[in-house]
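# Please find the sequence and the predicted model below.
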Amino acid sequence: MAFSKKAVMNVNEGEEIVGGWATAPIPGTGAYKLLAKKRKDGVIEWVHFIQRASGVKKVIFRGEAVSRQQLDVVIEIANENLKRLFGVSLQAVEYDMYTLDGKKISGTKH
C-alpha cells in the first residue's frame, strides 16, 4: 500500500512540521496521537487519531489553529479528556517522516 494511503497527514512542499504528541499505549485501545504542521499560509493543521496495537490508525478529529497558542489549547482539551477517561496525557514525541515512495527523511521542513 502506498505511503500516501497509510498517512494520516501529508506534508507538502513548503510546509513545516510543528510537532508530534502521543500517549502511552492504553491496553485494549492503543495510543492516542496528535500531529501538527504549518501550511504555507501560516495556518497550523492538526490531526488527532488512535493507533491500535495492530498498527491500524483511526482519525478522531481534524482541525486548524491560527497560532501555536491556539494549538496548545487543542492539546490541553485533548489531555483533559484523555486524563479523565484513561489517566494518560499527550507527550511530545519524536516521529518519522517518509516521502511518498517510502524513503525516510529528516528535518521539519519539506
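Here it is on my side, so go on. Numbering: from 1, shown residues only.

# host element of the residue nearest the centre of the chain?
The chain has residue 35 as the residue nearest its centroid, 1.8 Å off, counting by Cα atoms, centre = their mean. If you go by DSSP states H and E, residue 35 is part of strand 31-38.

# That strand packs against which elements?
Packing partners of strand 31-38 (3 or more Cβ pairs under 8 Å, 6 or more residues apart in numbering; DSSP states H and E): strand 16-22, strand 44-51, helix 68-86. The C-beta positions use only the backbone N, C-alpha and C, and glycine is treated the same way.

# Leaving out sequence neighbours, find the closest residue to residue 58.
Using Cβ to Cβ, 6 or more residues apart in numbering and skipping residues adjacent in sequence, the residue nearest residue 58 is residue 50, 5.0 Å away.

# And residue 21, by the same measure?
Of all residues not flanking residue 21 in the chain, residue 90 sits nearest, at 3.9 Å (Cβ to Cβ, 6+ apart).

# The one you found reaches residue 23, doesn't it?
Yes: in this structure, residue 90 is within contact of residue 23 by Cβ atoms under 8 Å, at 5.8 Å.

# Name the residue in those two with the higher neighbour count.
The neighbour comparison of residue 90 against residue 23 (other Cβ atoms under 10 Å) goes to residue 23, with 24 against 20.

# Correct me if wrong: that one contacts residue 92.
No: at 11.7 Å, residue 23 does not count as touching residue 92 under the criterion of Cβ under 8 Å.

# which ones are touching the closest residue to residue 42 other than its chain neighbours?
In this structure, residue 42 finds its nearest non-sequential neighbour in residue 66, 8.0 Å apart by Cβ to Cβ, 6+ apart. Residue 66 makes contacts with 42-44, as judged by Cβ atoms under 8 Å, 6 or more residues apart in numbering.

# Would you mind giving those residues as JSON lines with neighbour count and pLDDT added?
As requested, the contacts of residue 66 are exported to JSON lines (neighbours: other Cβ atoms under 10 Å; pLDDT from 0 to 100):
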{"residue": "42", "neighbour count": "8", "pLDDT": "96"}
{"residue": "43", "neighbour count": "13", "pLDDT": "97"}
{"residue": "44", "neighbour count": "20", "pLDDT": "98"}
